[in-house]
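Asks: Have a look at this fold, sequence not included:
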């Protein structure tokens, strides 16, 4: 059987309490010559003295918030560093981006995709595309965190085309098509069965796609 002990509150009238609080605040202000930041530090220290458990919890939450803010800043810097002005990222950068996209999408709610993506300087549809990938990895449905592209061909009809143009064309095609929502809708490299990619569906007219690609290439050249 539980015994409940009633703790009587001290006889501390509201008017007296307010008067004492005012005097304490005046004393603290006078002690630090009105410096607001120092008053806040003293107030936190006094609070911690009387409520140590709550103070430790608040300090822990503050450090976690600081970590989250710093992590977001680091992610923005990482995307700025990995952003390729010519369009398509190399295999190494592409692998890093896939891992980052996977983790960001896992931590982002659907209604916040545009907000988070815009703040990070990435495309909202990229975040949406990677939604569920992390859970698929945890569940065992996805075995890979990232995939690498095969080598760009430099023979035949592609022999006279600069490799960076081939990469830019592939990147434009990848960004202007819709990936299949089915996890098993993949196409494999006949020369390397471990190299597989999600099937994309193209709903854009070929002339419109060509015109958009040419315009993007011209804009890139002007920036350079």
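Replies: Cool, the structure landed. Owing to the predicted nature of the structure, the values given are computational and were not obtained by experimental measurement. Numbers count the residues shown, from 1 in each chain.
Asks: since we're on residue 146, how many residues are nearby?
Replies: Neighbourhood size, residue 146 [other Cβ atoms under 10 Å]: 14. Quick note: C-beta positions are derived from backbone N, CA and C, even for glycine.
Asks: er, residue 35 I mean
Replies: Residues near residue 35, counting by other Cβ under 10 Å, number 13.
Asks: Just the element for the residue positioned nearest the centre of the chain, please.
Replies: With distances taken as Cα atoms, centre = their mean, the residue of the chain nearest its centroid is residue 104 (4.1 Å). Per DSSP states H and E, residue 104 falls inside helix 91-106.
Asks: ok, and for that helix, which residues are buried?
Replies: Across helix 91-106, burial judged by 16 or more other Cβ atoms under 10 Å covers 94, 95, 97, 98, 100, 101, 102, 104, 105, 106.
Asks: Strands of this structure, start to end?
Replies: 178-179, 186-189, 192-198, 200-201 (DSSP state E).
Asks: just to revisit the earlier point, other residues contacting the helix holding residue 104?
Replies: For helix 91-106, the surrounding residues in contact (Cβ atoms under 8 Å, 6 or more residues apart in numbering) are 75, 78-79, 82, 84, 89, 116, 120, 122, 126-135, 137, 145-149.
Asks: And these, which of them are buried?
Replies: By 16+ other Cβ under 10 Å, the contacts of helix 91-106 give 75, 79, 82, 84, 89, 116, 120, 122, 126-127, 129-134, 149 as buried.
Asks: Need the pLDDT of residue 29.
Replies: Residue 29 carries a pLDDT value of 90.
Asks: what do you get for residue 87?
Replies: Per the predicted model, pLDDT is 58 at residue 87.
Asks: same question, the one 10 residues further on
Replies: Predicted confidence (pLDDT) at residue 97: the value is 89.
Asks: any idea how far it lies from residue 104?
Replies: 10 Å (Cβ to Cβ, to the nearest Å).
Asks: just checking, what packs against the longest helix belonging to the chain?
Replies: Ranked by number of residues, the top helix in the chain under DSSP state H is helix 52-82. Secondary-structure packing of helix 52-82 (3 or more Cβ pairs under 8 Å, 6 or more residues apart in numbering; DSSP states H and E): helix 36-50, helix 91-106, helix 113-120.
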